[in-house]
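# Quick one: sequence and predicted model below, then my questions.
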Amino acid sequence: MFKNICNRKPVINRNVFYSVSAYYSRNYSKAQIQSEDPEWSTAKPFSSVPGPSKIDLVFAFMPGGKYHNKPLKEIQSMCRKDYGELLIFPGMFGKRDILISFNPEDYHKIFRTEGAMPVRRGLDTLTYYRKVLRKEVFKDMGGLVAEQGEKWAQFRTVVNPVMMQAPKVKQYIPKIDGVAIDFINRIRQIRNNETNEMPANFEEELNRWALESVGLVALDARLGLLTESTVTAQRCIQSLKVFFRLMFELDFQPSLWKIYPTRKYKELMKALDVMTETTGEYLELAKAKLERKIDVNGNQGEADSVLQKLLKVDPHIAHIMAMDLILAGVDTTCSSIVSCLFMLGRNPNKQRILREEIKTILPDDNSTLTGVAMNSLPYLRACIKESFRICPVSIANFRTTGKNIVLSGYQVPKGVDVVMANMVLLTDENIFPRSAEFIPERWLRKTTEEYPSASTAKPFVFLPFGFGPRMCIGRRFAEVEIEVLLCRLIRNFVVEWNYPDIQFKSNVINVPQGELKFKFTDVNESQK
Ligand code: HEM
């Protein structure tokens, strides 16, 4: 049990948050800056990047202001129209300036110059929790989400081979499929007998599926969230909810938590304590399995699960990764499934084509899914990509510039935070023709003339999992989880969405709003 020190005034050391080598203000001295970028000498100075003033911003976000309560994508479109391809939002309430780019050529340059240790600013609350408040537990390790520079690189070097190898991920398919089958059964239990619709809190059920799935990798355990779960698992899911709600408020909205311990700050720190404790409990169980040489499928043999491999390297790394995988892997996969089901529910013809493809690998609805069979699902992958294009999960890609570079004709010094605001580009007619239509075919290699092809779109616009050495480490797991669940869902049910379009709210990622009353009707004999 942790000592309650959350009531103390937070001890803020700026280095904890700004491990970026240099922090430039817009008033940097021109003489200090040099660049290898050949466009540098003819580019406009950084200080002339257009953008609203602090006062403009305050008024724009206040009730009656032009950005007030508008979806992020709409705000981005307005900014693009008002200021062009590159603009700057001045930092407020102790936060840093943010450069926003709508130019894919800039994205290319940012990624090309990011170096071997790309900087993506972490979440200040999580960084503070690990590196200050619970320093004794985390031994000055922030983990992938919170760390930068050498420390991030050392951590990532250890976990990359364990997390990113395809065979490692494929060995989890039977277990991931087991969770998907439980979820299908759960849908049959909870759906309305007359309408076949899901209850209003279907999102919570999806959260349970997502945590149960990521728990296989992060905790080496079935949590039982879709059947009957333990108290520990319940506590984990509750604290995860608190984390998502408060982390956005404290890290992305004006907050005084760095000045004094606000109520929400204390609540968030407590939720993180619960996450640390519960993941720690599962880790102890995993250590025992490691000693008894129990493999990933529960058999006697080589202890080879992701968690066991990490435990062998360093139990602290294993603990932090377990937490990070849960923090990064629940809401993201949940939103992905909602986005895919919404698109397929709205496009029954495409859903039928997909079902035919799935039937080639699942001739009966209880056939076994194998890694080899999963390789032959191009239409499924195209459907997922097209859903991510129209309803993206990530709101943007983020980097701190790794060098002095020219972006959209402006000199941008090293150390500036940039938002690559690609959300508006994903539905830009000039980049994706017929952009409002759900056309999975645009992602297939053999696309007939009837359909536009995504291959003509600019690279670096569609990067749902980020790019380069710092790209999503859970990508392969996420893809497998999503593909397996969609296979089972579309094989078993005709999915419908019969309500106005689902709205997604942009927090740290895009999350669905409102009641998710999908209709799941059993695929009948003729459709089987
Ligand atoms: C569809 C689901 C997901 C999406 C769209 C997604 C997207 C992303 C993106 C855009 C990034 C930032 C990459 C960059 O900066 O280049 C990221 C990082 C990360 N993701 Fe995911 N993610 C998903 C699922 C997952 C899952 C299931 C896990 C864990 C099992 C996970 C773990 C992580 C971690 C730990 C990082 C930080 C990597 C680092 O900084 O080194 N993600 N993800």
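Sure thing, it's come through.
# State the next helix or strand along the chain beyond the helix or strand Q76 falls within.
Taking DSSP states H and E as the criterion, Q76 maps to helix 72-83. Going down the chain from helix 72-83, the next helix or strand is strand 86-89, by DSSP H and E.
# Output that following strand as CSV, nothing but the C-alphas.
Extracted C-alpha coordinates of strand 86-89, given in CSV (Å, rounded to 0.1, in the frame of the first residue of the first chain):
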residue,chain,number,x,y,z
LEU,A,86,1.5,26.4,-40.7
LEU,A,87,0.5,28.4,-37.6
ILE,A,88,1.4,28.7,-34.0
PHE,A,89,-0.8,28.6,-30.9
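# partners of that strand, with directions?
The strands beside strand 86-89 in its sheet (DSSP bridges) come out as strand 98-101 (antiparallel).
# hmm, who's touching the strand it pairs with?
With contact meaning CB atoms under 8 Å, 6 or more residues apart in numbering, strand 98-101 is reached by 49, 76, 79, 85-89, 91, 107, 110, 407-408, 412, 416-421. To be clear about C-beta, it is placed using only N, CA and C from the backbone, and glycine gets the same treatment.
# Assign N510 to helix, strand or coil.
With DSSP: H, G, I helix; E, B strand; the rest coil as the basis, N510 sits in strand.
# So it is in contact with S335, correct?
Yes - between N510 and S335 there is a contact under CB atoms under 8 Å: 6.0 Å.
# list residues touching both of the two?
By the contact definition CB under 8 Å, 6+ apart, N510 and S335 are jointly contacted by 393, 504.
# Show me the residue at the heart of this protein, geometrically.
T332 (4.4 Å; CA atoms, centre = their mean).
# That residue is in what secondary structure piece?
Assigning secondary structure by DSSP H and E places T332 in helix 331-346.
# what comes up buried for the next helix or strand after that helix?
Next along the chain after helix 331-346, taking DSSP H and E as the criterion, comes helix 348-361. Buried residues in helix 348-361, counted by 16 or more other CB atoms under 10 Å: 350-351, 354-355, 357-359, 361.
# which residues are contacting the next helix or strand after helix 348-361?
Once the chain leaves helix 348-361, the next helix or strand it forms, by DSSP H and E, is helix 371-374. Residues from elsewhere that reach helix 371-374 (CB under 8 Å, 6+ apart): 170, 173, 361-362, 480, 483-484, 487.
# contact partners of stretch 453-472?
For stretch 453-472, contacts defined as CB under 8 Å, 6+ apart pick out 104-105, 107-108, 111, 114, 116-118, 120, 152, 156, 328, 385, 388-389, 392-394, 397, 420, 422, 425-426, 431-432, 442-443, 447, 475, 478.
# Check whether it comes near the ligand.
Yes - contact of stretch 453-472 with the ligand (CB under 6 Å from any ligand atom) involves 464-467, 470-472.
# I would like a PyMOL command selecting only the buried ones among those residues, please.
Filtering the residues of stretch 453-472 next to the ligand down to the buried ones (16+ other CB under 10 Å) takes a single PyMOL command:
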select buried, resi 464+465+466+467+470+472
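# In a markdown table: the residues of stretch 453-472 next to the ligand, plus pLDDT and secondary structure.
A markdown table is the format used below for the residues of stretch 453-472 next to the ligand (pLDDT from 0 to 100; DSSP: H, G, I helix; E, B strand; the rest coil):
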| residue | pLDDT | secondary structure |
| --- | --- | --- |
| P464 | 97 | coil |
| F465 | 97 | coil |
| G466 | 97 | coil |
| F467 | 96 | coil |
| R470 | 96 | helix |
| M471 | 96 | coil |
| C472 | 96 | coil |
